[in-house]
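Visitor: whatever this is, show me its structure:
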Amino acid sequence: MSDLQTQLPALLGVLVGTLGTILATSLADRARWRRSQSVRWDERRLDAYVDYAHALKESHAVALRLTAEHRPGSRSHPIDREEGLARLAEADARRTIVWENLLLLGDEPTVVAAASWRDAIWQVERLARGIVESPSDVVEMLTRVDEARDGYYRAARHSLGVRGGSVEQSATLRQALVDRSTAASEVPAA
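Guide: Residues are numbered from 1 along each chain as shown. As a prediction, the model looks like this:
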């Protein structure tokens, strides 16, 4: 019995050490798996955010080309109406498809910001399609698009943990729009 009593602390030490090693290895493996899953989903989330931004920019670019005559001083190259409407329909189909990825992978603030940007672009598309008359302040309509885009990028960058400060462009773009509108209105009529 005394042999067992003298060896019992050593046996308990080995048992506790073994259990501790198993527990530590299990926790480390679980943490490694979670990190790997997080990186995997962040990559897919980034792809969803970028794809959606590209789809919206495509729709917006075509709509701008279709509405060039409504915007004094526009630098957009006008496009044939039929070709433009066909391109707008294709871009809308792509946007609808990538929207689903964004809904699946995006966080709530980014999805809300994406919907806001989409709604602002829809106003330009409605003008391009001839559904609405040209508003009295086209610059304000385009500024809403730029501000909504800034909101989307702000939310997406926060969602992905991207640091580096603000990348907002709306103030600069608004000034360019105002400058072009002013310059176009100052051109003397022939």
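
Visitor: what pLDDT, on average, does the host helix or strand of Arg34 get?
Guide: Using DSSP states H and E, Arg34 sits within helix 2-66. For helix 2-66, the mean per-residue pLDDT is 83.

Visitor: now the element after it, going C-ward?
Guide: Where DSSP H and E defines the elements, the next helix or strand beyond helix 2-66 is helix 81-105.

Visitor: show residues contacting that following helix.
Guide: Residues from elsewhere that reach helix 81-105 (CB atoms under 8 Å, 6 or more residues apart in numbering): 41, 44-45, 47-49, 51-52, 54-56, 58-59, 62-63, 65-66, 79, 110-111, 114, 118, 125, 128-129. Any C-beta I mention is one placed from the backbone N, CA and C, and that applies to glycine too.

Visitor: ok so, going back, got the angle for the helix holding Arg34 vs helix 81-105?
Guide: Computed by axes from the mean of the first three to the mean of the last three CA atoms, to 10 degrees, the angle separating helix 2-66 from helix 81-105 equals 160 degrees.

Visitor: please name every helix or strand in contact with helix 2-66.
Guide: helix 81-105, helix 108-129, helix 138-160 (3 or more CB pairs under 8 Å, 6 or more residues apart in numbering; DSSP states H and E).

Visitor: next one: stretch 120-129 to chain centre, how far?
Guide: Here the centre of stretch 120-129 is set off from its chain's centre by 20 Å, with CA atoms, centre = their mean, to the nearest Å.

Visitor: buried ones in that stretch, by neighbour count?
Guide: For stretch 120-129, burial by neighbour count (16 or more other CB atoms under 10 Å) applies to 120-125, 127-129.

Visitor: just those residues now: which is nearest Tyr152?
Guide: Comparing the buried residues of stretch 120-129 against Tyr152 with CB to CB places Ala120 closest, at 9.9 Å.

Visitor: and the pLDDT for the closest one?
Guide: 96.

Visitor: isn't it up against Asp150?
Guide: No - counting by CB atoms under 8 Å, Asp150 is not a contact partner of Ala120; they are 10.9 Å apart.

Visitor: okay, now Asp92: neighbour count?
Guide: Here the number of neighbours of Asp92 (other CB atoms under 10 Å) works out to 16.
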